[in-house]
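Here's a sequence, model it:
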Amino acid sequence: MHTRIGLVFALLIVFLVYNVTGNIAFADTHATTKTTIFITDCSGAGACLSPCQVTILRGDTITWVNSGRSIHMITSGSSQSGADGWFASQIISPHGTFSHKFDRAGPFVYFDNLHPSLTGVVIVEKALGSTQTSLQQSFFSNWCSR
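Sure thing, here's the model as predicted:
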C-alpha cells in the first residue's frame, strides 16, 4: 500500500516539475514585442494598412499609427458582421496611436469604423512556426483586398 502511494506521489512530482519547468522556460525565452501597423491615406482598401496582415506571439502588443490626414477608429470584428467587442480604439487623430496587447491566440480581424473598407487581420500564435498559424495565414492571405 505504501509503495503505491509512494509511486503515485513520485509520478505527481515528476509531472509537476516537468510542466513547471517547461512553462518557466517558455516565459523566459519569449520577450514580448511591439509591432506597428501604419494607417495611411489611400485610394484602395488593401493599401491603407501597412502591414495589413501580421502574425505575432501571444502577449505581444500591436500599435496602430495614423500616418495619414484622416481620423480613424480601429475595431475588432468586420464591417459586415459589426464589432465583436474584443478591442476598439477611440478616434485616432492624424499622428495619433492606439495599442492593444493580445493575450489570446487565434486570428483577429478588424476594421475601421469610420472607413469600413479598411480591414486587417492579426494572427496570434502560441509558439513560433506552428502548422495552425500557417493555415490561418493562408486563409487570410487575401483578407485585405476583399
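
Mind checking the pLDDT average for stretch 121-129?
Averaging pLDDT along stretch 121-129 gives 86.

Revised request: answer the last question for stretch 81-90.
Throughout stretch 81-90, pLDDT has a mean value of 94.

list the buried ones in that stretch?
For stretch 81-90, a neighbour-count test (16 or more other CB atoms under 10 Å) marks 83, 87-89 as buried. C-betas here are computed from N, CA, C, even on glycine.

Over to stretch 120-127?
Within stretch 120-127, the residues scored as buried using 16+ other CB under 10 Å are 120-125.

returning to what we had before: want to try TSV for the buried residues of stretch 81-90, with secondary structure as columns?
Below are the buried residues of stretch 81-90 laid out as TSV (DSSP: H, G, I helix; E, B strand; the rest coil):
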residue	secondary structure
A83	strand
F87	strand
A88	strand
S89	coil
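
will you turn the buried residues of stretch 120-127 into a markdown table that also has secondary structure and distance to K101?
Listed next are the buried residues of stretch 120-127 as a markdown table, based on DSSP: H, G, I helix; E, B strand; the rest coil; distance: CB to CB, whole Å:
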| residue | secondary structure | distance to K101 |
| --- | --- | --- |
| G120 | strand | 17 |
| V121 | strand | 17 |
| V122 | strand | 11 |
| I123 | strand | 15 |
| V124 | strand | 10 |
| E125 | strand | 15 |
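
which of those residues lies closest to D103?
Using CB to CB, V124 comes nearest to D103 of the buried residues of stretch 120-127, at 8.5 Å.

circling back: and which of the buried residues of stretch 81-90 is nearest I39?
Nearest to I39 among these is S89, at 10.3 Å by CB to CB.

which ones are touching that closest one?
Counting by CB atoms under 8 Å, 6 or more residues apart in numbering, S89 makes contact with 64, 72-75, 98.

From what I see, I92 and T63 are in contact.
No - taking contacts as CB atoms under 8 Å, I92 lies outside contact range of T63: 10.6 Å.

Pull out the buried members of the contacts of S89.
Neighbour-count burial within these applies to 64, 72-75, 98; the criterion is 16+ other CB under 10 Å.
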